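Visitor: generate coordinates for the sequence data below:
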Amino acid sequence: MADTPPFAESERSATFRDAFRTSKHIVVIAGAGLSAASGIPTFRDGGGMWRSLDSTALATPEAFEANPSLVWQFYHYRRTKVLAAKANPAHKIIAKMSIRAQLKKVAPAAKTFHLVTQNVDRLSVDTLNDPLTDKPSATIESNASDKKLRAVFPNSILEMHGRIFDVRCTACEHCEEDRNDPLCPALGAADASFNDYTDAGTKEINIPLEQLPRCRACGALARPGVVWFGEKPYHLDEINSIVYKADMCLVIGTSSTVRPASTYAYRVQRHGGKVAVFNLDPSETDERADFVFRGGCETTLPSLFPELAT
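Guide: Numbering: from 1, shown residues only. Modelled structure (predicted):
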């Protein structure tokens, strides 16, 4: 993209802010770029390889059936990266939009707000627990004024690809969140055996099935509670209803290549809504978007919404 003259950039930002201000039903479609500044590798950038293996090839039901030990080692690595991550300014801006009183500062006409995230890292949810104090783990006070200040739009976050900390049984479908690291001793031992990954790609550790994470309800083999390639995402009916109603769609940190999420922005436009893309790199959706803001969303969102950045 050619450099944009400062006056044109300012005019574009003002036009976007005017459109956002009058929006009534706002939806954010978020992808891996939202969490990239928090240090979480994506599948398709430099973090797309793990131990010299293609990460996308490990995120399938077939891969788990063929080699559950290898897939669990990969997800142990991903869980460890997420546990060490902290929310960045973009997470915090979006979290504040989920709160009625905060969104009114920038979109006084707004009636609904939803974040549809493809991310499994839980950072958006954790940030929403206490976005005003910058302490996601803090306990929300119970006094009446505080409750009003923190009133959140109902079901404002939909995690369509599941949750990295969920552990789901392969037999009885029992599912629960578990943030222990490691999930089981064998995963920790396997990870520790690698010397800074210098022998990655040449060394394989096979963990016996009985030593992999097990279901606490029935004892059967458990799997990561995420949606793999080839599986149906969660909340699709609800998301379709949200997209149908939306008059403003923010596409944040995603190249819009994975269906069905890749279709949502176009569907908002098709019934007269506006679309704004926030992405570090160019994508196919740019030329169709009403607004494009290039750069890390952790920088562009605070600059466009300074009212929510403090």
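Visitor: tell me the mean pLDDT over the biggest strand by length in the chain?
Guide: Assignment by DSSP state E gives strand 162-169 as the longest strand of the chain. Computed over strand 162-169, the mean pLDDT rounds to 97.
Visitor: next one: it to chain centre, how far?
Guide: 14 Å (CA atoms, centre = their mean, to the nearest Å).
Visitor: now that strand: buried residues?
Guide: Across strand 162-169, burial judged by 16 or more other CB atoms under 10 Å covers G162, R163, I164, F165, D166, V167, R168, C169. From N, CA and C alone the C-beta is placed, and that goes for glycine too.
Visitor: now do it: which elements does it pack against?
Guide: With contacts taken as 3 or more CB pairs under 8 Å, 6 or more residues apart in numbering; DSSP states H and E, strand 162-169 sits against helix 68-83, strand 175-177, strand 222-226.
Visitor: does the most centrally placed residue in the chain count as helix, strand or coil?
Guide: Centroid check for the chain by CA atoms, centre = their mean gives N119 as the closest residue, at 2.6 Å. Secondary structure for N119, judged by DSSP: H, G, I helix; E, B strand; the rest coil, is coil.
Visitor: what helix or strand is the closest residue to it other than its chain neighbours located in?
Guide: Excluding the flanking residues, the one nearest N119 by CB to CB, 6 or more residues apart in numbering is S35, at 5.6 Å. Take DSSP states H and E as the rule and S35 turns out to sit in helix 33-36.
Visitor: show me what that helix packs onto, helices and strands only.
Guide: Helix 33-36 sits against helix 89-97, with contacts defined as 3+ CB pairs under 8 Å, 6+ apart.
Visitor: which strands or helices does the helix it packs on pack on?
Guide: In terms of contacts (3+ CB pairs under 8 Å, 6+ apart), helix 89-97 is packed against strand 25-30, helix 33-36, helix 100-103, strand 112-117, helix 123-128, helix 297-304.
Visitor: for the helix or strand Y244 falls within, the averaged confidence score.
Guide: According to DSSP H and E, Y244 maps onto helix 236-245. In this model, helix 236-245 has a mean pLDDT of 96.
Visitor: which stretches in the stretch 201-310 of the chain count as strands?
Guide: Counting by DSSP state E, counting those that start in this stretch, the stretch 201-310 of the chain has strands at residues 222-226, 248-252, 274-279, 291-294.
Visitor: export the ones you listed as JSON lines, with columns for mean neighbour count, distance to A261 and mean pLDDT.
Guide: Listed next are the strands of the stretch 201-310 of the chain as JSON lines, based on neighbours: other CB atoms under 10 Å; distance: least, CB to CB, whole Å; pLDDT from 0 to 100:
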{"stretch": "strand 222-226", "mean neighbour count": "22", "distance to A261": "15", "mean pLDDT": "97"}
{"stretch": "strand 248-252", "mean neighbour count": "26", "distance to A261": "9", "mean pLDDT": "95"}
{"stretch": "strand 274-279", "mean neighbour count": "24", "distance to A261": "13", "mean pLDDT": "94"}
{"stretch": "strand 291-294", "mean neighbour count": "19", "distance to A261": "18", "mean pLDDT": "93"}
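Visitor: roughly how far apart are A110 and V277?
Guide: 20 Å (CB to CB, to the nearest Å).
Visitor: in a markdown table: the helices and strands packed on helix 89-97, plus mean pLDDT, distance to L236 and mean neighbour count.
Guide: What follows is the helices and strands packed on helix 89-97, written out as a markdown table (pLDDT from 0 to 100; distance: least, CB to CB, whole Å; neighbours: other CB atoms under 10 Å):
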| stretch | mean pLDDT | distance to L236 | mean neighbour count |
| --- | --- | --- | --- |
| strand 25-30 | 97 | 13 | 25 |
| helix 33-36 | 92 | 20 | 26 |
| helix 100-103 | 94 | 25 | 19 |
| strand 112-117 | 96 | 10 | 24 |
| helix 123-128 | 93 | 19 | 22 |
| helix 297-304 | 96 | 25 | 21 |
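Visitor: could you list the low-pLDDT ranges of the chain?
Guide: For the chain, applying pLDDT under 70 flags the ranges 1-8, 43-49, 130-150, 194-203, 256-259, 285.
Visitor: per-domain residue ranges of it.
Guide: 1-40+88-161+233-309, 42-84+163-232 (the TED database).
Visitor: thinking again about what came up before, looking at the strands of the stretch 201-310 of the chain, which is closest to K24?
Guide: For K24, the closest of the strands of the stretch 201-310 of the chain is strand 248-252, at 8.2 Å, according to CB to CB.
Visitor: against which helices or strands is the closest one packed?
Guide: Looks like strand 248-252 contacts strand 25-30, helix 261-270, strand 274-279 (3+ CB pairs under 8 Å, 6+ apart).
Visitor: just checking: what are the partner strands of the longest strand of the chain?
Guide: When pairs are called by DSSP bridges, strand 162-169 turns out to pair with strand 175-177 (antiparallel), strand 222-226 (antiparallel).
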